[in-house]
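[1] just need the structure, nothing else, for what follows:
(one chain, ligands or ions: 1)
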Amino acid sequence: MLQQTVSGRRSFLCLLLPAVLLLVGCGSSDEADTSPDQEAPPSGPSTQDPGADDEPVRELPALNNAVGFDVFREPHARLPVPELPSDTAGQMEFDAGLPEPVISMPAGFDADSNSAPFFRNLANLEVLAGDIVSIRFEPEDLDGSLPGMFPQKLPLGGTFEDNFDGSKTFVWQPLQEDVGILRFTVVAVDSEEPGLKASQDVLIRITLPDDPSTIPNVAPMLETLRDFTVRVNDPVVFELKGQDLNGTIPTLEVPLLPPGASFLQHPRLEEIYVLKLTPTVPGIYTLDVLVRDSVDPSLTATETVSFTVLDAGQFEGSGAPLKDLGQNRDLEIGFAALQSFYHQPDGAIYAAIAAREFNIVTPENSMKMNIINPLPGHFEFSGTDNLVRFAKLHDMRVHGHPLVWYRLLPEWIMQSDIADRERHMSDFIERIMGRYKDEIDVWDVVNEPIADNGELRQADSVWYEAMGESYIDKAMRQARLIAPSATLLINEFDISMAGPKFNGLIRLVERLQASNVPLDAIGFQMHLFSSYSSFEELRTNFATVAALGLDIYITELDVSISGEGSPSAAELQLQADVYRQIAQICIEQTRCKAIQMWGITDQYSFRSNFNPLPFDRAYQSKPAFKALQEALAK
Ligand code: G3I
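    Take a look at the predicted model:
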């Protein structure tokens, strides 16, 4: 149980500026008056205020590459791990025998014309850690030639070898780390119809032998880092993480530490070492890291970390920054910030481009309830606090996201009594908005309330389940009371075309307006694909929202390119055209206030494989960036 030491509400400003505590009356109640036509909100959080134990503390600069602002961290070492229920369900499934294959087929496929492939002679398997697992997969097809196959995911150290007779063998040595039930899935693909597939699970139950010392001690390794490009003279940090399948924690050494570099074991996360250096010459850098087994120190592995350093000139944007072009048109231009970007090797260039191009920022993940309030009464504010500090330094507005969402909820909310949920929702809004109300004046209060068919999301929302649709009214009213001059949004996806979902949203807005529920703007998320072409429908939807007296924020714009590998020039152009047209439509509509991208670089996009953002993985601007510039400048 966390110690609760401080009572009374304290705003973030108060925490930053203790000297003004008395002047601004920190610690006193700061609730706004309830206007007569509003339902009285639940009074204040019912839990004690987070105490000093929840307040972030300053982090050692050697652990991050923030430039110009201080990074704070959580005050505790690690969260207490909640006790997991024993995996009875998994065990029952194991005992029930080999799972039935899952067959998938293309839409409209005539199942009588071609039967699905299948596997013969498979069974669930029970092994001891240290044993070698060997399973032969032999797909057959009663009416076709030999099916193809692939494993969905190989466990670390596992191989899937071709026997060159139509079969393949999965070979793997599970170790201490693997104890439990592994679901290994192989997909067989029909030779004539590639859309016809049979997905077969095999369950492998791994237990510890009576004498664990019989398990071989394997060499440790380094968790793989992705490729990075950084800017010369920027600080670079690498969080290097040792791994050992025996379940122990290896130690790391850098035998040839570059001059000026620091290399520290993370003070709180034993398995992580932080290397910080500032490369002063462009080029490809490589660095050897020695990973040493903690049980047998003579057992080591050498792993190479490499990264590219480019001259500063290669990151300079050409043309005016997007935010300047936007400002000329009264439009804010923004991005969603990767959580803890200052702990990524390329965090400094990430921050530099963010500061150059954008004047509004949304935390991509750090304000989600599972992250900021993972246990009842316990808060992790450091991610959002740091972002607020970064935003202040660069004169950026912060867009709070999301207060009430049906997804990314902590387990304790999922398991809470229905009767308590209204209180939990209201506590959360109070805590988060209360803390940041002086720094954040635009909020996604309700996120994604509408289902695809235009009805309100019901069965999958813990909030709807507890309060029916009134959860929306309650959240909006409470938000207005806490931050009377903030812009309050409902943020929704798949509303950039005509259809039941957009109609459902409008029905909701009309109902809220009829009941005087505060609402200032609609957030159009817009996670699009480059095949998107419903531009006229988008214009109409914007006009419909504007006619209801609401502003429009494009809150999460990205344009994915489907297909594998690096996009072609033609694909990049298609993507750029979508960005251009969206910007154009926003410019035409005076109620459209902001164009906010869901990230900066493909490197960290949540749809990274689809390269959806205006900068590529090496922070080079793409045609999409130019298209935005041109549209805003026109
Ligand atoms: O940070 C953990 C890491 O420690 C762990 O090893 C890894 C294993 O899965 O997960 C990491 O967390 C992931 C996190 O993104 C950071 O990458 C979560 O699993 C993953 O669920 C989370 O996804 C985010 C998603 O919302 C759910 O919160 C995406 O980054 C984020 O872009 C996406 O954003 C949403 C908006 O909030 C609402 N609109 C739709 C949009 C896209 O889904």
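[2] alpha carbons only for contacts and neighbour counts from here, please
    Fine.
[3] in contact with the nearest residue to residue 383 once chain neighbours are set aside, which residues?
    For residue 383, ignoring the flanking residues on the chain, the nearest one in space by CA to CA, 6 or more residues apart in numbering is residue 366 at 5.5 Å. By CA atoms under 8 Å, 6 or more residues apart in numbering, the residues touching residue 366 are 339, 372, 383-384.
[4] relative to the ligand, how far out is residue 366?
    Remark: distance between residue 366 and the ligand (CA to the nearest ligand atom, to the nearest Å) = 9 Å.
[5] next one: residue 65
    As judged by CA to the nearest ligand atom, residue 65 and the ligand stand 19 Å apart.
[6] beta partners of residue 492?
    Beta-bridge partners recorded for residue 492 (DSSP bridges): residue 524.
[7] so what's it scoring on pLDDT?
    Looking at residue 492, its pLDDT reads 98.
[8] ok, residue 8 next?
    Predicted confidence (pLDDT) for residue 8: 30.
[9] residue 86 now?
    69.
[10] tally of neighbours for whatever residue of the stretch 501-634 of the chain ends up closest to the ligand?
    Closest residue of the stretch 501-634 of the chain to the ligand, CA to the nearest ligand atom: residue 606 (4.7 Å). Around residue 606 there are 15 other residues, counting by other CA atoms under 10 Å.
[11] tell me the residues of the chain that contact the ligand?
    Within reach of the ligand by CA under 6 Å from any ligand atom, the chain has these residues: 364-365, 408, 606.
[12] just the buried members of these?
    With burial judged by 16 or more other CA atoms under 10 Å, the buried subset of those is 364-365.
[13] of the residues of the chain next to the ligand, which is the nearest to the ligand?
    residue 606 (4.7 Å).
[14] doesn't that closest one belong to a helix?
    No: applying DSSP: H, G, I helix; E, B strand; the rest coil, one finds residue 606 to be coil, outside a helix.
[15] still on that earlier bit, just the buried ones from the contacts of residue 366, in ChimeraX syntax?
    A single ChimeraX command suffices to select whichever of the contacts of residue 366 are buried according to 16+ other CA under 10 Å:
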select :339,372,383,384
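[16] re earlier: state the distance from the residue nearest to residue 383 to residue 428.
    Distance of residue 366 to residue 428, computed by CA to CA, to the nearest Å: 14 Å.
[17] spit out the contact partners of residue 622.
    Per CA under 8 Å, 6+ apart, neighbours of residue 622: 572, 614-616.
[18] ditto for residue 196
    103-106, 116, 189-190.
[19] element containing the spatially most central residue of the chain?
    Centroid check for the chain by CA atoms, centre = their mean gives residue 365 as the closest residue, at 5.4 Å. Using DSSP states H and E, residue 365 maps to neither a helix nor a strand.
[20] surely it is in contact with residue 339?
    Yes: applying CA atoms under 8 Å, one finds residue 365 in contact with residue 339, separated by 6.1 Å.
[21] what mean pLDDT does stretch 113-132 get?
    Here the average pLDDT along stretch 113-132 is 95.
[22] next one: stretch 344-362
    Average pLDDT, stretch 344-362: 98.
[23] stretch 520-528 now?
    98.
[24] centre of the chain to that stretch, how far?
    Its chain's C-alpha centre and that of stretch 520-528 lie 18 Å apart, by CA atoms, centre = their mean, to the nearest Å.
[25] the chain should start at 713 in everything you say after this.
    Okay, using 713 as the starting number, the last item reads as stretch 1232-1240.
[26] give me the residues contacting it.
    By CA under 8 Å, 6+ apart, the list of residues contacting stretch 1232-1240 reads 1156, 1199-1208, 1257, 1262-1272.
[27] what's the end-to-end length of it?
    Stretch 1232-1240 end-to-end distance (CA to CA) = 24 Å.
[28] just the buried residues of it, please?
    Buried-residue list, stretch 1232-1240, by 16+ other CA under 10 Å: 1232-1240.
[29] still on that earlier bit, among the contacts of residue 1078, which pair sits farthest apart?
    The distance between the two most remote of the contacts of residue 1078 (CA to CA) is 11.8 Å, for 1051 and 1084.
[30] any residues touching stretch 1279-1296, and which ones?
    1241-1245, 1247, 1271-1273, 1307, 1323-1324, 1334-1340, 1342-1344.
[31] thank you, goodbye.
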